[in-house]
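>>> Coordinates only, no sequence provided:
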Ligand SMILES: Nc1ncnc2c1ncn2[C@@H]1O[C@H](COP(=O)(O)OP(=O)(O)OP(=O)(O)O)[C@@H](O)[C@H]1O
């Protein structure tokens, strides 16, 4: 059973971001010369859409996430959030990484409160911390410390820490990558449930083909570095999805073939 609160929490409803990546190329300046990582990429995310990126290791997926999050500027091209250029990080676009990186000396509640505290709005907005904890089903663990949590619970705290900002875009960089396989499956369902209940747009990077197809509405398959779009797989299966759905198996075969792998594995 999902640990996430099943009651809809309408106060957490947000308008999803529209993201446009227009003709973006990116290089890193290395001592040996420039490393071309992204090549003339065009991609858009509609408000409230869930998009996943798949591609060979090192092709440039995380780099693209960093550009979309505003953590670094693209070498050339344009990135827009609701029509405005993305130039800096912003609390409306939150990145959740593989490692939850919680402060061990702060309680769960205090870890989730960090973003509001940094923005100087915690005193007036304390209820948002409680709401975010309810969203991820951890309301009873507000006073716990990180060492008292399982891996899945720690990652839920990281999600609550992101959701407390009411982001219009959640940037997910392998957020379930360190979890055991059972917890990972549960968290996939929980994340989709959170996405549906809150309305943020989601951009997920994962190495797990099934995860991408189970969660996302579109799966963008990249080439080797420099990343170009090889193909976009559209998954219009309704939610909640069933892992045994033959359409998922069909999409999996297509995705693996695009990645140069034999689907009979
Ligand atoms: N800050 C940086 N400085 C120099 N090179 C970098 C930097 N960040 C990433 N790279 C290089 O850019 C390339 C793309 O890295 P990136 O992390 O975006 O790939 P990825 O597709 O997310 O990989 P993986 O799937 O293995 O996580 C790699 O060759 C990496 O070494």
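The structure has been received and is ready for your questions. These numbers were taken from a predicted model, which means no experiment stands behind them.

>>> When you work out contacts or count neighbours from here on, use the C-alpha atoms and nothing else.
Fine.

>>> residues touching residue 162, list them.
Taking C-alpha atoms under 8 Å, 6 or more residues apart in numbering, we find residue 162 in contact with 94-96, 112, 170.

>>> Pull up the distance across stretch 13-27, start to finish.
37 Å (C-alpha to C-alpha, to the nearest Å).

>>> Please enumerate the helices of the stretch 101-250 of the chain.
Counting by DSSP state H, counting those that start in this stretch, the stretch 101-250 of the chain has helices at residues 108-118, 126-135, 151-163, 181-198, 209-215, 246-258.

>>> Just name the most buried of these.
Highest mean neighbour count among those (mean count of other C-alpha atoms under 10 Å): helix 151-163, with a mean of 24.

>>> quick one: that one to helix 181-198, angle?
Per axes from the mean of the first three to the mean of the last three C-alpha atoms, to 10 degrees, the angle that helix 151-163 makes with helix 181-198 is 20 degrees.

>>> Return the backbone torsion pair for residue 225.
phi -60, psi 140 (degrees, to the nearest 10).

>>> so it sits right up against residue 38, yeah?
Yes: in this structure, residue 225 is within contact of residue 38 by C-alpha atoms under 8 Å, at 7.0 Å.

>>> bridging residues for the most centrally placed residue in the chain?
Nearest to the mean C-alpha position of the chain, counting by C-alpha atoms, centre = their mean, stands residue 172 at 2.0 Å. When assigned by DSSP bridges, residue 172 has beta-bridge partners residue 96, residue 204.

>>> what residues are up against it?
Contacts of residue 172 by C-alpha under 8 Å, 6+ apart are 95-97, 202-205.

>>> Closest one to the ligand out of these, please.
Nearest to the ligand among these is residue 205, at 7.6 Å by C-alpha to the nearest ligand atom.

>>> And residue 12, what's its pLDDT?
Per-residue pLDDT puts residue 12 at 64.

>>> swap in residue 42?
98.

>>> ok, it - how many residues close by?
Using other C-alpha atoms under 10 Å, residue 42 has 16 other residues around it.

>>> So it versus residue 79, what's the distance?
To residue 79, residue 42 is 10 Å away according to C-alpha to C-alpha.

>>> what do these two both touch?
Residues touching both residue 42 and residue 79 (C-alpha under 8 Å, 6+ apart) are 20-22, 24.

>>> Closest to residue 240 out of those residues?
Of all the shared contacts of residue 42 and residue 79, residue 240 sits closest to residue 20, with 27.5 Å by C-alpha to C-alpha.

>>> For the closest one, name its beta-bridge partners.
residue 44, residue 80.

>>> Test my guess that it contacts residue 84.
No: assessed by C-alpha under 8 Å, residue 20 is found out of contact with residue 84, at 9.6 Å.

>>> Pick out whichever of those two has more residues nearby.
residue 20 (21 against 12).

>>> The ligand contacts on this structure?
Within the chain, the positions near the ligand by C-alpha under 6 Å from any ligand atom are 28, 37, 57-63.

>>> Now tabulate those residues in JSON lines and tack on pLDDT, secondary structure and distance to residue 137.
Converted to JSON lines, the residues of the chain next to the ligand look like this (pLDDT from 0 to 100; DSSP: H, G, I helix; E, B strand; the rest coil; distance: C-alpha to C-alpha, whole Å):
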{"residue": "28", "pLDDT": "97", "secondary structure": "strand", "distance to residue 137": "41"}
{"residue": "37", "pLDDT": "97", "secondary structure": "strand", "distance to residue 137": "39"}
{"residue": "57", "pLDDT": "93", "secondary structure": "coil", "distance to residue 137": "33"}
{"residue": "58", "pLDDT": "95", "secondary structure": "coil", "distance to residue 137": "35"}
{"residue": "59", "pLDDT": "95", "secondary structure": "coil", "distance to residue 137": "35"}
{"residue": "60", "pLDDT": "96", "secondary structure": "coil", "distance to residue 137": "34"}
{"residue": "61", "pLDDT": "96", "secondary structure": "helix", "distance to residue 137": "30"}
{"residue": "62", "pLDDT": "96", "secondary structure": "helix", "distance to residue 137": "28"}
{"residue": "63", "pLDDT": "97", "secondary structure": "helix", "distance to residue 137": "31"}
